[in-house]
Every structure is written in C-alpha cells, then in structure tokens.
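Novice: pasting the sequence and the predicted coordinates here, then a few questions.
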Amino acid sequence: EPEVTQTPSHQVTQMGQEVILRCVPISNHLYFYWYRQILGQKVEFLVSFYNNEISEKSEIFDDQFSVERPDGSNFTLKIRSTKLEDSAMYFCASSEVNTRGADTQYFGPGTRLTVL
Amino acid sequence: AQTVTQSQPEMSVQEAETVTLSCTYDTSESDYYLFWYKQPPSRQMILVIRQEAYKQQNATENRFSVNFQKAAKSFSLKISDSQLGDAAMYFCAYRMPGTASKLTFGTGTRLQVTL
C-alpha cells in the first residue's frame, strides 16, 4: 500500500541553524501539507501546497519557514533559523483529487525536531 | 473559524468492550468532512474513519463506527470489541471540501485499553 515517507525520523539542531525536513508524498497525490505537533498538544496546520505554489498558510508559517517541491517526488519544509519553540513533531501529508476537490489526507510518520 | 472540541482528555475501556469517544465542532458551513485519526505511541497519524456531511448514513470501518449528528454538530467514534492495539491518542478533525483545505484538529482523547 502506498504511503507517505519522511526523513529524517529525528533531527537535532542548534538554535539558529537551518533545517530541511523531507517528505515523499504518495505518488499520484497532488496536494501536500505540513503540520506540526508540539509535545502534548494538538496537531496544527502549517501550510498547504498545490501546483507548485502555496495554497494556504497559517499564522505559524512565518518568514522563517518555506516549502519547496524540488523535483517530481520530494516535498520539503525549510526552517531558516530555528528557535527553541520550533521543537515539535512535523508531519507531512498528501491527498489526491476527487470531484469535490482535495480528498482525504494521509500522513507520514513524522520528523521529530529537537532544537537545543 | 471552525473549532473542534474533544471534552474527554482520557478514556479507559476493558478489552472486548465498547467505548465511545466524543467530538463536537463548530461551523457555519453545510458541507464538510469529518475524520477520526489514531496516534499510537509511535506518533504516526493513522486515518481511522471519515464522514461526509452531506451523507446521512453513519460511516463504519470494521469495529469502528461513528454517530454523526449534523444538527447537534456532534461526531462520536464508537470502538467495538476493543483490542490492546486500539490504545492510542484519538484526534477528531474537520475539513471543508475544496482545494487543499486544511484539517482542524481537536485536542485529542487518550484511550487506554485494559485486560
């Protein structure tokens, strides 16, 4: 069964460093998303991406964040200068299209980001 | 803005018994999707079940079923014949139809399954 994959599973970085989180969405999916979950809290939407551009972004997704689809398979989230409060689980998700728009979102296993 | 409320931070059920997890939501829309996702200790988000608001019939997936009350804006998850592997955090989520629309999650209910 196709699945969303994410690398790395755990990333430790120093405050102020740049990190890139990688995702490989399900191959026939056209919509891509990033969510984050701070430990013990609910899952929060960051950004959605379609047709090589951002469709929607949340207040969390400020200038320190960017997304890119550098090739036909990868979808990346970059944090330019990490802060302590960026420590969280980051989930990538993807969905295909149905007649009513974007369909169910399937999540990857997540990348745990720890900022020291 | 849409909100999703899960009022039960923790629930417990004995193996083989039935448990119901509650979820309410607030929206002014008439067309939307509702979901239950399961998050085991591995922290992966796994889709359990989905419901489209325009469908009156409650969704079922094997031992999992929902009670969707549109007028009351209620979307509860019933797990029958509970198994140890059902122990996890369960999140209710809402989404509007349309291109790339985001999921809005509740705060989750931690389900314990006891022998």
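Specialist: That came in fine, so what should we check first?
Novice: up against chain A, what does chain B have?
Specialist: By the rule Cβ under 8 Å from any Cβ of the partner chain, the part of chain B lying against chain A is B:33, B:35, B:37, B:42-47, B:50, B:91, B:93, B:95, B:97-108. Any C-beta I mention is one placed from the backbone N, CA and C, and that applies to glycine too.
Novice: show me the residues you listed that map onto strands.
Specialist: B:Y33, B:F35, B:Y37, B:I46, B:L47, B:R50, B:F91, B:A93, B:R95, B:T104, B:F105 (DSSP state E).
Novice: hmm, which two among those residues are most spread apart?
Specialist: Greatest spatial distance among these (Cβ to Cβ): B:I46 and B:T104, at 18.2 Å.
Novice: state the pLDDT value of the most centrally placed residue in chain B.
Specialist: With distances taken as Cα atoms, centre = their mean, B:W36 lies nearest the centre of chain B, 3.2 Å away. Reading off the confidence values, B:W36 has pLDDT 97.
Novice: stretch B:2-10: how far from the chain's middle?
Specialist: Between the centre of stretch B:2-10 and the centre of its chain there are 10 Å (Cα atoms, centre = their mean, to the nearest Å).
Novice: residue contacts, B:I79?
Specialist: Residues counted as contacts of B:I79 (Cβ atoms under 8 Å, 6 or more residues apart in numbering or on different chains) are B:V13, B:T18, B:V19, B:T20, B:L21, B:R63, B:F64, B:D86, B:L111.
Novice: need the contact list for the fourth one.
Specialist: When you say that, I think you mean B:T20. B:N67, B:S76, B:L77, B:K78, B:I79.
Novice: surely the fourth one meets B:C23?
Specialist: No - with contacts counted by Cβ atoms under 8 Å, B:K78 stays clear of B:C23, the gap being 11.7 Å.
Novice: more neighbours, those two?
Specialist: Neighbour count, other Cβ atoms under 10 Å in any protein chain shown: between B:K78 and B:C23, B:C23 has more, with 27 against 16.
Novice: ok so, going back, ok, B:I46 and B:T104, which is more surrounded?
Specialist: B:T104 (22 against 14).
Novice: CSV for the contacts of B:I79, including pLDDT and secondary structure?
Specialist: Formatted as CSV, the contacts of B:I79 follow (pLDDT from 0 to 100; DSSP: H, G, I helix; E, B strand; the rest coil):
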residue, pLDDT, secondary structure
B:V13, 97, strand
B:T18, 98, coil
B:V19, 98, strand
B:T20, 98, strand
B:L21, 98, strand
B:R63, 97, coil
B:F64, 97, strand
B:D86, 97, helix
B:L111, 98, strand
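Novice: by neighbours, which of the residues you listed wins?
Specialist: Counting by other Cβ under 10 Å, top hit in the contacts of B:I79: B:L21 with 23 neighbours.
Novice: beta partners of that residue?
Specialist: Legend: beta-bridge partners of B:L21 under DSSP bridges are B:L77.
Novice: quick check: the gap between it and A:Y35.
Specialist: 21 Å (Cβ to Cβ, to the nearest Å).
Novice: one more: B:R50?
Specialist: 17 Å.
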